[in-house]
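Trainee: with the sequence up front, the predicted model follows.
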Amino acid sequence: MMKPTALSQLLLPFVVVVLVLARSNNRTRAFQLTSRSSSRPKTTLSVSTTSLLPEEIYNPTQQQQQEEEKDGTGIIPAAMTTHPTIDSNIELLSYEHDGYTLKYRYKPAAVGRENEPPLLLVHPVGIGMSSWFWDAFLDEWEVGGAVYAPDLIGCGIDHGSDAWVPEKKGMFFPTSWVEGCETLLNDIILPQTAQGKKKNNPLLASLLGGLPNSNNSQKQHVTVVTQGGLAPVGVMLASRNPQTVSNLIMTSPPTWNDMTVPVQEKELEKNYNFLKSPLGSAAFGALESEWAIRFFSNLFLFEGQADSKWMQQCLLECQYQEARPPIQAFNAGLMQHRSYRDELTSLEIPTTILQGKGDANRIPQRDEYANQMKDCTIVTLPKGLNVLPWECPDLFAKILQQQRRAITA
């Protein structure tokens with residue numbers, strides 16, 4: 001294996017933090033969590049072979065932007081610039097939200113499954129990441145309802161989503177990403193679901209058509225699935241949309257402490273300033289190289305080895321420096337400027353934590369989800385580390401379907 005250069009050795013602590021794109025910021029801090037007592041036993045399952053605050057508008061200075069533009073990304077081999085083939089059953093469509101054109105992957109429901117609640121998938125944010133993260137899972141999702149996987153604002157530049165330019169328009173974290181998903185939910189998912197149910201049930205269509213002022217969208221249910229550190233987006237979606245989000249599934253989420261103990265404002269500001277500095281920009285350039293993506297993916301994300309399609313997809317997005325701002329915001333910790341305890345402990349809907357056996361260090365730190373939440377089940381898959389939908393998509397799809405059926409039974 002190639003030995004790191006002197007520069008990469010110098011930047012290694014930063015590199016480790018930045019490239020763990022499916023994990024939360026694992027902060028080193030000393031604290032004692034005070035939590036309410038719960039007499040309800042936790043539910044855990046093991047599956048065997050089966051001054052800057054993120055909620056403030058964030059606008060870096062022009063000087064910071066110029067410093068970032070001085071740095072170039074690594075050269076991508078020509079063989080890596082060809083787009084991987086998307087399954088013929090998956091469409092890449094677009095919608096408008098708050099002045100942005102955002103792409104989303106859509107896979108229609110399987111025949112006979114049109115009435116099942118659709119899935120809304122929230123991809124991780126990190127180097128090279130966008131909605132393509134769900135492709136391996138979508139290939140295996142053959143016997144379920146429709147699936148929608150949007151690009152979050154600022155992600156998916158390679159396949160046509162608009163970039164986020166902080167100097168032109170600020171964002172709130174994670175609220176702006178939540179609102180982008182809500183537009184897709186209310187403008188596309190719910191109307192299409194209602195239309196599909198009418199088409200497959202003429203009697204229901206005639207009855208609803210005869211009811212004055214009937215709000216059909218409120219009668220539709222959606223399952224939200226999140227990956228890694230984007231769990232707060234799913235939690236807020238569920239909390240803000242109790243009439244439509246019927247259950248929440250968080251895959252390899254941050255630990256309970258990381259979701260409920262906020263990062264101090266000074267630390268967030270320090271993190272972001274570093275990421276926007278010349279040294280931080282140089283580190284991004286190094287991290288966007290093929291070697292770095294493969295090395296750290298194998299080290300932190302995969303129980304085995306990152307495959308060629310993963311590498312190809314990551315490198316495609318890395319061609320665009322415009323794709324950096326959301327990654328910088330996420331890795332600075334802006335998602336963790338506040339606690340999500342109130343939303344987590346007040347959710348009434350069934351919630352599932354899916355985690356891989358290989359993520360041994362964080363498994364015990366997630367027990368509090370089941371202890372503190374009203375209806376939470378923890379499921380540990382017999383393999384996989386931090387990107388289960390990509391590492392073991394077949395098993396992930398089966399477990400997901402089982403959990404949904406158990407909830408609706």
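Mentor: Arrived safely.
Trainee: so the closest residue to residue 221 other than its chain neighbours: helix, strand or coil?
Mentor: The shortest distance from residue 221 to any non-neighbouring residue, by CB to CB, 6 or more residues apart in numbering, is to residue 246 (3.7 Å). In short, each C-beta sits where N, CA and C put it, glycine included. The three-state assignment at residue 246 reads strand, by DSSP: H, G, I helix; E, B strand; the rest coil.
Trainee: quick one, strands of the chain?
Mentor: Along the chain, counting by DSSP state E, strands occupy 43-46, 91-97, 100-107, 119-122, 147-150, 222-227, 245-251, 351-356, 376-381.
Trainee: tell me which of the ones you listed lies nearest to residue 188.
Mentor: strand 91-97 (5.9 Å; CB to CB).
Trainee: in this structure, which helix has the most residues?
Mentor: For the chain, the longest helix by residue count, based on DSSP state H, is helix 393-408.
Trainee: residue 392 and residue 384 touch, don't they?
Mentor: Yes: at 5.0 Å, residue 392 counts as touching residue 384 under the criterion of CB atoms under 8 Å.
Trainee: out of those two, which sits in the more crowded spot?
Mentor: Using other CB atoms under 10 Å, the more surrounded residue of residue 392 and residue 384 is residue 384, with 26 against 22.
Trainee: I'd say the more buried one and residue 354 touch.
Mentor: No: Residue 384 is beyond contact range of residue 354, at 9.1 Å (criterion: CB under 8 Å).
Trainee: residues shared between the contacts of those two?
Mentor: Jointly contacting residue 384 and residue 354 under the rule CB atoms under 8 Å, 6 or more residues apart in numbering are residue 396.
Trainee: what's the separation between residue 279 and residue 327?
Mentor: Separation of residue 279 from residue 327 (CB to CB, to the nearest Å) stands at 16 Å.
Trainee: higher neighbour count, these two?
Mentor: Set residue 279 next to residue 327 and count neighbours by other CB under 10 Å: residue 327 wins out with 24 against 16.
Trainee: picking that back up, got the strands of the chain as JSON lines, with mean neighbour count columns?
Mentor: Output for those, formatted as JSON lines (neighbours: other CB atoms under 10 Å):
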{"stretch": "strand 43-46", "mean neighbour count": "14"}
{"stretch": "strand 91-97", "mean neighbour count": "15"}
{"stretch": "strand 100-107", "mean neighbour count": "22"}
{"stretch": "strand 119-122", "mean neighbour count": "26"}
{"stretch": "strand 147-150", "mean neighbour count": "26"}
{"stretch": "strand 222-227", "mean neighbour count": "26"}
{"stretch": "strand 245-251", "mean neighbour count": "24"}
{"stretch": "strand 351-356", "mean neighbour count": "25"}
{"stretch": "strand 376-381", "mean neighbour count": "21"}
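Trainee: between those, which one is nearest to residue 164?
Mentor: strand 100-107 (7.8 Å).
Trainee: thank you, goodbye.
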